[in-house]
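Visitor: Would you be able to build a 3D model of this:
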Amino acid sequence: MTGPEDFCRRALPEVSRTFALNIPVLPPPLDLVVTVAYLLCRIADTLEDEARGQVSERAELFHMLGRLVKLEPGWEERSAEFARHSVAALRPSAPTAEVQLVQGTPTVLEAMRGLPDWTHPHIAACVVEMTGGMAQMMIELDGGAPQGLPDLRDTLQYCYYVAGTVGVMLTGLFVDGYESVRPRRSELVPRAPAFGRALQLTNILKDIREDLDRGFCWLPRTSMAKHGLTPANLLLPEKRVAAVALLDDLVAVARHECDVAFEYSLILPRSEPGLRLFCLWPLLFAVRTLAVLAHNPAVFEPAPVKIDRETVMRIMVLTRESVADDRALESLYAESARGVPEGRRA
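Guide: Sure thing, here's the model as predicted:
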């Protein structure tokens, strides 16, 4: 195995531990399709997290990537130009694997070109909406000290742009790629955005301290204000009780999104265990993470709060054993969610 496909398969575990676990359980060719799509999304994510410079210049990088995924004539030369400008914009401390991925943008696009034609519109639509949303959010925030987003609706809209769009893309790929999924389209489509929002909101809550230390805050200002909090005082020891109350409010919102995503997973046919496992593993990791975050003041300390490797392996084994048994999966989900506040619709 050489060339663009090899580059993508080698890059995946370097930039994502979670998706390096679940993408390989997808049946071919979907495993490669989703690998390529994920890497394109990760390039956008790297620009958001690591690029520095004028807001207008960074926004143009997002728009360039959105144009490139359409694979219009001349994309090869433009992708090389994009890679040069993007790498130059990354801060010196950017992770090496992510820098190499951005440098490899032309190779990832070459891999996309080699995918079945029917997959291209789904990938392109996802990346275009994602990068457009990221650029819009960046322009609205426009640098400076972290202020948070105006309200919970805006935080969930941000989660949609960076992850909910992926749920929509995956649903399109599942429906168009599998005759057994096609009749369930009407049930899957309305639940698809919640899947990505659930994972992203969980990550935001897990990374509150790290994000603030790096100058980011994606929490809603109205929710913070309800508890007498701002990004400037959120980490103060004397505000810890209020901060935990805020955290639990948002954990309940994330739990609701996870509940909808679990419904989505069970709608997928039992005859497609790879699709189910692909969805269930990160979802169960997320809901178990919420259980660790709930009521936990350590979230606001420097040391990261996360589930351990033993928990990850146990979830993977039990899910694989129960993948075609909805009742067993419901029990596993309930066990994983033990300690998480009841879901609250935003």
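
Visitor: neighbouring contacts of stretch 325-336?
Guide: The contact list for stretch 325-336, computed with Cβ atoms under 8 Å, 6 or more residues apart in numbering, reads 262, 265-266, 270, 280, 284, 287-288, 291, 315, 318-319, 321-323. (Each C-beta comes from the backbone N, C-alpha and C, glycine too.)

Visitor: Verify the contact between T18 and F285 for me.
Guide: Yes - look at T18 against F285 with Cβ atoms under 8 Å: they come within range, at 6.6 Å.

Visitor: the more surrounded of these two?
Guide: Using other Cβ atoms under 10 Å, the more surrounded residue of T18 and F285 is F285, with 21 against 13.

Visitor: roughly how far apart are that one and M313?
Guide: To M313, F285 is 11 Å away according to Cβ to Cβ, to the nearest Å.

Visitor: do P282 as well
Guide: Distance check for P282 against M313: by Cβ to Cβ, it reads 14 Å.

Visitor: Neighbour count for these two, which is higher?
Guide: Between P282 and M313, P282 has the larger neighbour count (other Cβ under 10 Å), namely 19 against 11.

Visitor: residues in contact with the more buried one?
Guide: 18-19, 22, 199.

Visitor: Which members of those residues are the farthest-apart pair?
Guide: With Cβ to Cβ as the measure, no two of the contacts of P282 lie farther apart than N22 and L199, at 11.4 Å.

Visitor: Please identify which of these two sits among more neighbours.
Guide: Neighbours around N22 and L199, counted as other Cβ under 10 Å, are more numerous at L199. The numbers are 26 against 21.

Visitor: Might one say that that one is in contact with L284?
Guide: No - using Cβ under 8 Å, L199 makes no contact with L284, being 11.1 Å away.

Visitor: So, low pLDDT: which residues of the stretch 101-250 of the chain?
Guide: Within the stretch 101-250 of the chain, the segments meeting pLDDT under 70 span 143-145.

Visitor: mind listing the helices for it?
Guide: 105-113, 120-141, 152-159, 165-177, 185-188, 192-206, 208-213, 221-226, 240-267 (DSSP state H, counting those that start in this stretch).

Visitor: Same question for the longest one: list its buried residues.
Guide: Along helix 240-267, these residues count as buried under the neighbour rule (16 or more other Cβ atoms under 10 Å): 242-244, 246-262, 264-267.

Visitor: Can you give the contact residues for stretch 236-256?
Guide: Stretch 236-256 is contacted from outside by 152, 156, 198, 201-202, 205, 208, 219, 223-224, 226-229, 233-235, 286-287, 290, 293-297, 299-300, 337, 340-346, using Cβ under 8 Å, 6+ apart.

Visitor: Could you do stretch 309-323 as well?
Guide: For stretch 309-323, contacts defined as Cβ under 8 Å, 6+ apart pick out 21, 270, 273, 276-277, 280-281, 284-285, 288, 328-329, 332, 336.

Visitor: if we go to 6 Å?
Guide: Applying Cβ atoms under 6 Å, 6 or more residues apart in numbering, the external contacts of stretch 309-323 come out as 273, 276-277, 280, 284, 328-329, 332.

Visitor: Format the residues you listed as JSON lines; extra columns: neighbour count and secondary structure.
Guide: Listed next are these as JSON lines, based on neighbours: other Cβ atoms under 10 Å; DSSP: H, G, I helix; E, B strand; the rest coil:
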{"residue": "P273", "neighbour count": "17", "secondary structure": "helix"}
{"residue": "R276", "neighbour count": "24", "secondary structure": "helix"}
{"residue": "L277", "neighbour count": "20", "secondary structure": "helix"}
{"residue": "L280", "neighbour count": "27", "secondary structure": "helix"}
{"residue": "L284", "neighbour count": "27", "secondary structure": "helix"}
{"residue": "A328", "neighbour count": "14", "secondary structure": "helix"}
{"residue": "L329", "neighbour count": "20", "secondary structure": "helix"}
{"residue": "L332", "neighbour count": "19", "secondary structure": "helix"}
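
Visitor: any idea which of these is the one closest to L115?
Guide: Distance to L115 across those (Cβ to Cβ) is lowest for L277, with 21.8 Å.

Visitor: State the number of residues packed around the nearest residue to the closest one once chain neighbours are set aside.
Guide: With sequence-adjacent residues excluded and distances taken as Cβ to Cβ, 6 or more residues apart in numbering, L277 is closest to V25, at 4.6 Å. Close neighbours of V25, defined as other Cβ under 10 Å, add up to 18.

Visitor: for V25, what are its contacts?
Guide: For V25, counting by Cβ under 6 Å, 6+ apart, the contacting residues are 274, 277-278.

Visitor: change it to 10 Å
Guide: 31, 273-278, 280-281, 316, 320, 323 (Cβ atoms under 10 Å, 6 or more residues apart in numbering).

Visitor: Quick one: these as CSV, columns for pLDDT too.
Guide: Compiled in CSV, the contacts of V25 are given as follows (pLDDT from 0 to 100):
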residue, pLDDT
D31, 97
P273, 98
G274, 97
L275, 98
R276, 98
L277, 98
F278, 98
L280, 98
W281, 97
M316, 97
R320, 97
V323, 98
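
Visitor: how much space between the residue of the chain most remote from its centre and L229?
Guide: Here the chain reaches farthest from its C-alpha mean at E238, the gap being 32.4 Å by Cα atoms, centre = their mean. Using Cβ to Cβ, one gets 11 Å for the distance from E238 to L229.
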